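Chemist: missing the sequence, but the structure's below:
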């Protein structure tokens with residue numbers, strides 16, 4: 001799917017569901033930018049507030065590309081800011097704070113993902129802004145939350161910190177080795193983003209009934225406890241902490257094929273029977289070593305892996321996965337980026353968006369909208385904005401500022 005393309009226009013019967021929602025977002029890096037990008041996919045108008053010279057800190061991420069203004073822009077920014085407007089305001093200046101407060105009444109939602117209390121100290125917290133508009137929905141994402149006290153409130157947090165504290169890493173740690181810290185996918189950010197979107201939608205629905213806004217608050221630490229829910233639950237039931245790791249009472253492992261690896265998940269006895277028959281070892285079903293789920297897991301390296309990999313030796317990882325899946329055994333190829341790009345499912349589901357570049361003939365690929373609605377077309381999606389690209393437009397349209405006022409604000413570094 002290309003930028004500005006519309007796919008499945010027959011679904012566009014009533015327009016996008018959030019087309020009447022306007023969001024003013026003081027955001028950086030990934031957690032909140034991903035949340036507001038999802039809302040933009042659903043039709044919301046997103047005005048992103050950035051510092052006049054530095055912009056969103058995600059602009060400084062690596063690797064970079066060159067934008068239409070000749071600036072180097074980081075990958076974190078380019079993948080999380082499609083279909084948004086960029087408004088530059090220095091919120092540390094009183095004039096910037098005053099302009100922000102004037103804008104509030106024009107928006108349904110104000111959102112921010114700075115450290116707990118940071119915007120309160122600028123006079124831009126929920127209590128300050130709710131006095132201006134009681135219908136306002138105020139959304140915050142931070143490491144440790146704003147609405148409830150935390151001993152970690154002053155700590156900075158990126159996704160791996162929340163993931164570690166939420167219990168995701170320890171179950172997969174090998175004895176005597178450090179826990180594996182994985183940054184690909186930024187679960188701590190994107191899961192927090194999903195909870196923020198859910199909370200925003202709930203608050204909008206509540207406002208429809210009551211006429212009142214409220215503060216929607218998401219702690220990344222809380223979000224990770226929710227995502228790794230089995231870790232404390234299984235511990236409370238007296239199970240070994242390692243039970244929460246993949247494969248302690250199941251077959252959850254990657255096996256080699258001709259061109260890479262495929263992953264198999266077997267959790268129930270009838271699935272094990274099917275696996276045994278497919279790979280040519282029906283005798284496993286009568287073997288005492290495989291009489292329990294724990295037994296399956298213990299035999300993965302010594303028995304199952306050699307047999308399964310011998311069966312898959314001449315198959316591609318996709319062929320192996322298909323042969324298992326078609327017989328009811330959950331399996332899938334362990335995809336690299338090029339595999340995802342070529343996957344017909346990804347193409348049919350519009351899950352990669354081609355964003356043109358000024359510094360290359362090859363487009364950048366950004367994840368599409370995973371939320372599919374039967375009455376909503378895919379797209380159009382606009383490219384990420386230049387720093388301050390829409391400042392004049394927003395302040396003229398919403399606050400009726402003239403050219404002379406805008407020039408003065410630029411001269412003083414407010415915008």
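Modeler: Arrived safely. This is a predicted model, so every value here is computed, not measured. Residues are numbered from 1 along each chain as shown.
Chemist: Could you pick out the longest helix of this protein?
Modeler: helix 187-210 (DSSP state H).
Chemist: what's the helix or strand following that helix in contact with?
Modeler: Next along the chain after helix 187-210, taking DSSP states H and E as the criterion, comes strand 215-219. Strand 215-219 is contacted from outside by 126, 130, 137-148, 150, 192, 195-196, 199-200, 202-203, using C-beta atoms under 8 Å, 6 or more residues apart in numbering. In this view, the C-beta of every residue, glycine as well, is placed from N, C-alpha and C.
Chemist: Just the buried residues of those residues.
Modeler: The neighbour-count test (16 or more other C-beta atoms under 10 Å) applied to the contacts of strand 215-219 identifies 126, 130, 137-146, 150, 192, 195-196, 199-200, 203 as buried.
Chemist: ok, which stretches of the chain are strands?
Modeler: 22-26, 45-50, 64-66, 72-74, 84-88, 109-112, 137-142, 215-219, 251-257, 260-266, 330-333, 352-355, 364-367 (DSSP state E).
Chemist: okay, those in JSON lines with distance to residue 12 and mean pLDDT next?
Modeler: Shown next, in JSON lines, are the strands of the chain (distance: least, C-beta to C-beta, whole Å; pLDDT from 0 to 100):
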{"stretch": "strand 22-26", "distance to residue 12": "20", "mean pLDDT": "98"}
{"stretch": "strand 45-50", "distance to residue 12": "17", "mean pLDDT": "98"}
{"stretch": "strand 64-66", "distance to residue 12": "31", "mean pLDDT": "95"}
{"stretch": "strand 72-74", "distance to residue 12": "31", "mean pLDDT": "96"}
{"stretch": "strand 84-88", "distance to residue 12": "21", "mean pLDDT": "98"}
{"stretch": "strand 109-112", "distance to residue 12": "24", "mean pLDDT": "98"}
{"stretch": "strand 137-142", "distance to residue 12": "26", "mean pLDDT": "98"}
{"stretch": "strand 215-219", "distance to residue 12": "29", "mean pLDDT": "98"}
{"stretch": "strand 251-257", "distance to residue 12": "41", "mean pLDDT": "95"}
{"stretch": "strand 260-266", "distance to residue 12": "37", "mean pLDDT": "97"}
{"stretch": "strand 330-333", "distance to residue 12": "32", "mean pLDDT": "97"}
{"stretch": "strand 352-355", "distance to residue 12": "18", "mean pLDDT": "97"}
{"stretch": "strand 364-367", "distance to residue 12": "22", "mean pLDDT": "96"}
